[in-house]
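[1] Sequence plus the predicted model coming up.
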Amino acid sequence: MTDLDHTHDPALRSWVDSANTPETDFPIQNLPLGMFRRAGSTGAFRPGTAIGDQVLDLIAAAELGVLSEGLGAVLRTCEGLGLNPLMAVGPALRQQLRHELVAALNADAGPVQSKTLADALVPAADVELTLPCRIGDYTDFYAGIHHATTVGKLFRPDNPLLPNYKWVPIGYHGRVSSIGVSGQTFRRPVGQTKAPDAEVPSVGPIKRLDYELEVGALVGTGNEQGHPIAIAEAERHLFGLVLLNDWSARDIQAWEYQPLGPFLSKSFATTLSPWVVTMEALAPFRRAFTRPEGDPQPLPYLDGAANRERGAFGIRLEVHLQTRAMRDAGVAPVKLMESEFADAYWTVAQMLTHHASNGCNLQPGDLFGSGTMSGREASQGGSLLELTQGGKQPITLPNGEQRTFLQDGDSVALVGRCETAGRRAIGFGACIGTVLPAVA
């Protein structure tokens, strides 16, 4: 696991003034990684880091001599491809990149570096972002126990959690081709559903469209097929975290999910935040991983001292909704809920270890979803399915509109922020998706 060092010092400030404001997601203590190009350009996407309201072109920084030659060589191979080459070389080079960036961007570097790097900085408002890497495989887990319990009660009041839930990290393989970056728009899916009172199913635009608030984890270095990854080594194979919206068609899901689970109810769209918050940046926000009293402890292959002591991450998560009417009237999105990622029943290290436990070969850029991160209270549901009790209790918005499920024109924004006493807060940036009408 990554230890704290000088790059986490809360007193660090940057000569990029916007990185020093309390509200920014991207102070010098964060330095998330992503892929960008200038808006309106047709050029290749290049690796960059977000610092305040600016994006630093990492290839340009290397060409200006600010980054070492070895780092520059790896970063150049990312151009047009994604961060996969950097992911594949392991955590040591990523940590070196963080150290060199802090040396170049901290306030003590002063006027010399600000003048040197002036041409390598681009205002964030003037860039286009894309997915941070080529995602080869996507597995969505079910680690949100409060979500699993609430949804289970809707369908199985006397037995909400199935017997395996507390023993094994449950997951299913998702669809990569429909993953998009924040700003994604997608058509309301059309599918086969069956109303409870109907004799036969029908096909048409779905009526119970939902979001799911999740955290995504991206794999760094992979493993050879047939060679599991020990829990003590799991985090060395992780690159960083993003926000993830697992859009869901609840009416398709209810009809198709037995006996094999999600299929067309999940494959039409998934939205990611574009900036990857690295494992190094997250080090100050680790928490102990504990199980409620009376619950079974993880089996030995999913258990370890480091995972127990520091395996969870304190990330405050929120969902914000803006309807078309709100947007047209210039009304800001409204916060629907708030929850905490540290409540996850399984850590990201356990998810990775379990995924590889049968010899499955993970690869750089593979994506894990955490499952819906709901809180303990009814008001903390990470989906509309929970907040409206399966559509039975509509939510009334401040402008008088009501929602049981999403309507065309609705935009959903996920928010993630890490805060702890004595440390500089960091965030994930935007993760926004908008629903368009179904294809006629």
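    Good, I have the coordinates.
[2] Tell me how many other residues surround the residue nearest to Leu414 when sequence neighbours are not counted.
    In space, Leu414 comes closest to Cys431 once its chain neighbours are excluded; the distance is 4.1 Å by C-beta to C-beta, 6 or more residues apart in numbering. From N, CA and C alone the C-beta is placed, and that goes for glycine too. Here the number of neighbours of Cys431 (other C-beta atoms under 10 Å) works out to 27.
[3] again, but for Leu317
    Leu317 - counted by other C-beta under 10 Å - has 25 other residues nearby.
[4] Same check on the one 10 residues further on?
    Applying other C-beta under 10 Å, we find 15 other residues in the vicinity of Arg327.
[5] Name the residues that touch the helix or strand where it lies?
    If you go by DSSP states H and E, Arg327 is part of helix 324-328. The contact list for helix 324-328 (C-beta atoms under 8 Å, 6 or more residues apart in numbering) reads 331-334, 397, 399, 401, 407-411.
[6] Stretch 2-19 too?
    20, 24, 26-29, 51-54, 91, 95, 98-99, 102, 105-107, 109-111, 113-114, 121, 235, 279-280, 282-284, 422-424.
[7] what about burial for those residues, which qualify?
    Those of those that meet the buried threshold are 20, 24, 26-29, 51-52, 54, 91, 95, 98, 102, 105-107, 109, 113-114, 121, 235, 279-280, 282-284, 423-424, by 16 or more other C-beta atoms under 10 Å.
[8] residue boundaries of the strands in the stretch 301-440 of the chain?
    312-313, 316-322, 334-340, 367-369, 395-396, 402-403, 411-418, 426-427, 431-436 (DSSP state E, counting those that start in this stretch).
[9] quick one: which of these is nearest Asn159?
    Evaluated with C-beta to C-beta, those place strand 334-340 nearest to Asn159, the distance being 24.1 Å.
[10] What strands flank the closest one, and is each parallel or antiparallel?
    strand 316-322 (antiparallel) (DSSP bridges).
[11] Okay, angle between the partner strand and strand 431-436 too, please.
    30 degrees (axes from the mean of the first three to the mean of the last three C-alpha atoms, to 10 degrees).
[12] Report the angle between strand 316-322 and strand 411-418.
    Using the same axes, to 10 degrees: strand 316-322 against strand 411-418 is 160 degrees.
[13] Please tell me how far Glu214 sits from His146.
    13 Å (C-beta to C-beta, to the nearest Å).
[14] the more surrounded of these two?
    Glu214 (30 against 23).
[15] Within the helices and strands, which one has the more buried one?
    Secondary structure (DSSP H and E) places Glu214 in strand 213-219.
[16] helix or strand right after that strand?
    Assignment by DSSP H and E places the next element after strand 213-219 at strand 238-245.
[17] How about that following strand, which residues are buried there?
    Buried residues in strand 238-245 (16+ other C-beta under 10 Å): 238-245.
[18] so how far is it from its chain's centroid?
    Relative to its parent chain, strand 238-245 has a centroid offset of 4 Å by C-alpha atoms, centre = their mean, to the nearest Å.
[19] cool, stretch 184-198 as well?
    On C-alpha atoms, centre = their mean, the centre of stretch 184-198 falls 25 Å from the chain's centre.
[20] what's the average pLDDT for that stretch?
    For stretch 184-198, mean pLDDT rounds to 95.
[21] again with stretch 359-367
    The model assigns stretch 359-367 a mean pLDDT of 98.
[22] roughly how far is that stretch from the heart of the chain?
    17 Å.
[23] Turn the strands of the stretch 301-440 of the chain into TSV, including distance to Phe155.
    Below are the strands of the stretch 301-440 of the chain laid out as TSV (distance: least, C-beta to C-beta, whole Å):
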stretch	distance to Phe155
strand 312-313	28
strand 316-322	22
strand 334-340	21
strand 367-369	21
strand 395-396	21
strand 402-403	21
strand 411-418	24
strand 426-427	35
strand 431-436	25
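[24] Those strands: which one's closest to Val200?
    Per C-beta to C-beta, nearest to Val200 of the strands of the stretch 301-440 of the chain: strand 431-436, 27.6 Å.
[25] quick one: which of the buried residues of strand 238-245 is nearest Asn164?
    Leu244 (23.4 Å).
[26] for stretch 410-427, what is the average pLDDT?
    Mean predicted lDDT for stretch 410-427 stands at 98.
[27] Tell me the buried residues in that stretch?
    For stretch 410-427, by 16+ other C-beta under 10 Å, it's 410-418, 423-427.
[28] ditto for stretch 343-363
    In terms of neighbour count (16+ other C-beta under 10 Å), stretch 343-363 has its buried residues at 343-357, 360, 362-363.
[29] Give me the subset of those lying in helices.
    Using DSSP state H, the subset of the buried residues of stretch 343-363 located in helices is 348-356.
[30] where's the closest residue to Phe45 other than its chain neighbours, which helix or strand?
    Using C-beta to C-beta, 6+ apart and skipping the chain neighbours, the partner closest in space to Phe45 is Met35 (4.2 Å). Met35 belongs to strand 33-38 when assigned by DSSP H and E.
[31] Distance from the chain centre to the one helix or strand in the chain whose mean pLDDT sits lowest, please.
    In the chain, no helix or strand scores lower on mean pLDDT, DSSP states H and E than helix 110-116, which sits at a mean of 83. Helix 110-116 sits 34 Å away from the centroid of its parent chain (C-alpha atoms, centre = their mean).
[32] Show me the two of the buried residues of stretch 410-427 that sit farthest apart.
    Applying C-beta to C-beta across the buried residues of stretch 410-427, the maximum distance is between Asp410 and Arg423, 34.9 Å.
[33] what's the domain layout of the chain?
    Domains of the chain are assigned by automatic domain parsing as 6-129, 138-436.
[34] Keep only those of the contacts of stretch 2-19 that are in helices.
    Short answer: the contacts of stretch 2-19 in helices (DSSP H) are 91, 95, 98-99, 102, 105, 110-111, 113-114.
[35] I'd like to know how far the residue in the chain sticking out farthest from the centre sits from Ala249.
    Distance from the centre of the chain peaks at Glu199, with 40.3 Å (C-alpha atoms, centre = their mean). Taking C-beta to C-beta as the measure, Glu199 falls 22 Å from Ala249.
[36] got it, and Gln54?
    Gln54 is 39 Å from Ala249, by C-beta to C-beta.
[37] now do Ser370
    Relative to Ala249, and taking C-beta to C-beta, Ser370 is found at 20 Å.
[38] Dig out what Pro47 forms beta bridges with.
    Here Pro47, judged by DSSP bridges, has bridge partners Met35.
[39] outside of the strand holding Met35, which residues touch it?
    43-50, 55, 57, 78, 82-83, 86, 122, 126-133, 240, 274-276, 278.
[40] picking up where we left off before, out of the buried residues of strand 238-245, which one sits closest to Tyr172?
    Using C-beta to C-beta, the buried residues of strand 238-245 come closest to Tyr172 at Leu244, 14.2 Å.
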